[in-house]
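[1] Below are the sequence and a predicted model; questions follow.
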Amino acid sequence: MKPHRTQPGYRGASRPKPRRQWTPGAIKAFRMGIGALLVTVVVAGGYHFGGPAIEQWLQRPVARVAVEGEFRYMTRERVSEVIANELTEDFLKLNLGRMKRVLEREPWVERAALVRRWPDTLEVRIYEQQPIARWGDRGFLNQRGEIIELEDNRVLDNLTWLEGDDRHALHMMQRYQDLSRLMRSRGLVIARLAQDDKRAWRMQLSDGIEVAIGRDQLMEKVQRFLTIYDRYLDERWDQVVGIDVRYSNGVAVRWHSDNDE
């Protein structure tokens, strides 16, 4: 007869609890918690034993301002002057958002980007406006057709003069770019393009010759003028004073000899 075996018992003690299994996520969370605690302890301890020194170290001023960008109309000196007026706080307390807004109020600044570089350098990158044409005597139009006003626009003397209603500035700029491509193909350069109160167009070329276009069918009328130019006017262009393409099916030419009479 086989002896009867019983499971071993535990006298005087309870059954041991199974060991807890740590998952990778739990281990990571535990390590992060310990790390954060240690950082807190170190910072708190450092401030407790050397608080004034750390506070003085954190309140350091800006030692260097690096200004970057492609400057054609605005100068680095002007950017530095604007920034200097805003450096009223310590390096870590600088209000970069406010400085960005102040810089972008400058007429030649389209966009400004500012970054802190530890330990005490402020980096500033300037993106200039791109003037496409002058807008009367007030300023210029940028690549989006926005009117940018200037107190002194003498630097724009080499740009085409556009003039019209402010509400139609973008449309005028687009039509100018279309016309300019057509005229350049014949070696002609637009010096001035204007639209009066009745929205009638008038164009003046760089050699002083004026072209009256009228209100409607702008591109079609200019194409008609260029056809006449290619066939009849190119070789006699120095004798021409003005062109009138306001007619529905023709072109009128005013010659120097007409003025002589």
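    Received, thanks.

[2] and His168, how far is that from Asp196?
    Per C-beta to C-beta, to the nearest Å, His168 is found 11 Å from Asp196. Yep, even glycine has a C-beta here, placed from its N, CA and C like the rest.

[3] quick one: contacts for the residue lying closest to Gly145 once chain neighbours are set aside?
    Closest residue to Gly145 apart from its sequence neighbours, by C-beta to C-beta, 6 or more residues apart in numbering: Leu170 at 3.0 Å. Under the criterion of C-beta atoms under 8 Å, 6 or more residues apart in numbering, the neighbours of Leu170 are Leu141, Arg144, Gly145, Glu146.

[4] Quick check on the residue lying closest to Asn85 once chain neighbours are set aside: phi, psi?
    Residue nearest to Asn85 in three dimensions, not counting chain neighbours: Val102, with 8.0 Å by C-beta to C-beta, 6+ apart. Main-chain torsions, Val102, degrees, to the nearest 10: phi -60, psi -40.

[5] from what I can see Val102 touches Glu81, true?
    No: using C-beta atoms under 8 Å, Val102 makes no contact with Glu81, being 11.3 Å away.

[6] Which one of these two is surrounded by more residues?
    Between Val102 and Glu81, Val102 has the larger neighbour count (other C-beta atoms under 10 Å), namely 16 against 10.

[7] Please tell me I have it right and Leu162 contacts Ala194.
    Yes: using C-beta under 8 Å, Leu162 is in contact with Ala194, at 7.3 Å.

[8] So those two - more neighbours on which side?
    Between Leu162 and Ala194, counted using other C-beta under 10 Å, the more crowded position is Leu162 (23 against 15).

[9] Doesn't that one lie inside a strand?
    Yes: counting by DSSP: H, G, I helix; E, B strand; the rest coil, Leu162 falls inside a strand.

[10] Now for the nearest residue to it once chain neighbours are set aside, how many residues are close by?
    Once flanking residues are discounted, Leu162 sits nearest to Ala133: 4.7 Å by C-beta to C-beta, 6+ apart. Counted with other C-beta under 10 Å, the neighbours of Ala133 add up to 23.
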